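>>> The sequence and its predicted three-dimensional model are supplied below.
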Amino acid sequence: MCFSFEISIGTFLFSWIISIYLLKKGLKKRQKQHVITLMIFSTIQLADALLWYSKFKRNNLNYYVTSVVIPAILCIQILYNLFVMGEGKYTYLNYIAIGVCVGVFIRFNGYSKSLCNNKFSSPIWASNELELWELLIFAFMIYIPVWTNFFAAILILLAIYIFTGGAYGSLWCAISNIYALYYLYKF
């Protein structure tokens, strides 16, 4: 859904405004954790907005957003899920998560570009399209042990893979608005 600067920033603001509203409602601990997860998840939209703002030129803004901001947000998602939501009880996954986080920073070192070959134009982080297996590992790391969310993520990833032809990371993160509306209804 990151078709432009305006849509990316709008998606970010929409999710964050709903999240802040929900956090002020006096939610239970687990509900608050889900809302914070949504906030972390939707922050990718702000990073994408900065990439659109840079017009994908090979400049410092593009480089630092791609090489530092995006990997940091992705790693925070993993670490928050394992150490806050999962309370650190998945010892073997905690070690794997650290390796995955190092790999994320290595993987996204460089400049992003825009995928403009279809109506779903979106940033391709580090100008190197994500592979489906990379997305599946990431989905596993941010959804363990909630298997229903993991399997829903697989279906979403497959749909994006089939229908868009690229820029999977940004498009997948665009579902933050759906989560925001769901939490608004549920909580």
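On my side now, so go ahead.
>>> contacts and neighbour counts: CA atoms only from here.
Fine.
>>> Show me the strands in this structure, by range?
Applying DSSP state E to the chain gives strands spanning 113-115, 122-124.
>>> Can you pull the poorly scored residue ranges out of this protein?
The model of the chain has pLDDT under 70 over residues 1-2, 116-121, 164-174.
>>> and the spatially most distant residue from the centre of the chain, what does it touch?
Farthest-out residue of the chain from its mean C-alpha position, per C-alpha atoms, centre = their mean: Gly26, at 25.7 Å. By C-alpha atoms under 8 Å, 6 or more residues apart in numbering, the contact list for Gly26 is empty.
>>> do the same with Asn177
Neighbouring residues of Asn177 by C-alpha under 8 Å, 6+ apart: Thr11, Phe14, Ser15.
>>> and those residues as JSON lines, adding distance to Leu61 and neighbour count?
Formatted as JSON lines, the contacts of Asn177 follow (distance: C-alpha to C-alpha, whole Å; neighbours: other C-alpha atoms under 10 Å):
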{"residue": "Thr11", "distance to Leu61": "21", "neighbour count": "24"}
{"residue": "Phe14", "distance to Leu61": "24", "neighbour count": "16"}
{"residue": "Ser15", "distance to Leu61": "24", "neighbour count": "26"}
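>>> can I get these in CSV with distance to Trp52?
Formatted as CSV, the contacts of Asn177 follow (distance: C-alpha to C-alpha, whole Å):
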residue, distance to Trp52
Thr11, 14
Phe14, 18
Ser15, 19
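>>> who touches the longest helix that the chain contains?
As assigned by DSSP state H, the longest helix anywhere in the chain is helix 29-53. Helix 29-53 has contacts (C-alpha under 8 Å, 6+ apart) with 2, 4-6, 8-9, 11-12, 15-16, 19, 22-23, 61-62, 65, 69-70, 73-74, 76-77, 80-81, 84-85, 112, 123, 170, 173-174, 176, 179-180, 183, 187.
>>> from these, which would you call buried?
Neighbour-count burial (16 or more other C-alpha atoms under 10 Å) applied to the contacts of helix 29-53 gives 2, 4-5, 8-9, 11-12, 15-16, 19, 22-23, 61-62, 65, 69-70, 73-74, 76-77, 80-81, 85, 112, 123, 170, 173-174, 176, 179-180, 183.
>>> Do a quick rundown of the helices in this structure.
5-23, 29-53, 60-64, 70-80, 91-107, 132-143, 147-164, 168-173, 176-186.
>>> list the helices and strands the third one packs on?
In this structure, helix 60-64 makes packing contacts with helix 29-53, judged by 3 or more C-alpha pairs under 8 Å, 6 or more residues apart in numbering; DSSP states H and E.
>>> Determine the angle, from 0 to 180 degrees, between the helix it packs on and helix 132-143.
Inter-element angle recorded for helix 29-53 and helix 132-143: 140 degrees (by axes from the mean of the first three to the mean of the last three C-alpha atoms, to 10 degrees).
>>> do you know how far the residue farthest from the centre of the chain is from Asn59?
Gly26 is 43 Å from Asn59, where distance means C-alpha to C-alpha, to the nearest Å.
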